[in-house]
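Chemist: Let's see this in three dimensions:
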Amino acid sequence: STPRPSGTRRSATTESSRRAWLATLTTSVVSVATIVAGSPVEPAAATYSAYANREKDWQTRLESGDVQISTPKDLRAQLREI
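Modeler: The predicted structure is shown next:
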């Protein structure tokens, strides 16, 4: 480690956390690059009928009560129970 001018000294924790962050970032970039380079690109495909079916299914579930929509207050209460 090279000497630093007074007032710019970094703690060992800051140095090690920076190194850990850079190592994680490097690993992530290499992983993504490997996945992208190794996988063939397939065009996205979607149909309006599939969308319409999903919307119809959602409405059916809402009307039958299968879907329960919670407020943030409800979710906090559930977390307190856990």
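Chemist: secondary structure element for the spatially most central residue of the chain?
Modeler: In the chain, the centroid-proximal residue (C-alpha atoms, centre = their mean) is residue 28; its distance is 13.2 Å. Counting by DSSP states H and E, the element that carries residue 28 is helix 12-38.
Chemist: buried ones in the next helix or strand after that helix?
Modeler: Counting by DSSP H and E, the next helix or strand C-terminal to helix 12-38 is helix 48-64. Neighbour-count burial for helix 48-64, counted by 16 or more other C-beta atoms under 10 Å, picks out no residue. For every residue, glycine as well, the C-beta is placed using N, CA and C.
Chemist: Mind checking what helix or strand follows helix 48-64 in sequence?
Modeler: Heading C-terminal from helix 48-64 (DSSP H and E), you reach helix 72-81.
Chemist: Go ahead and name everything in contact with that next one.
Modeler: residue 70 (C-beta atoms under 8 Å, 6 or more residues apart in numbering).
Chemist: average pLDDT across it?
Modeler: The average pLDDT within helix 72-81 is 94.
Chemist: what does stretch 33-53 give?
Modeler: 81.
Chemist: and that stretch, how far out from the chain's middle?
Modeler: 19 Å (C-alpha atoms, centre = their mean, to the nearest Å).
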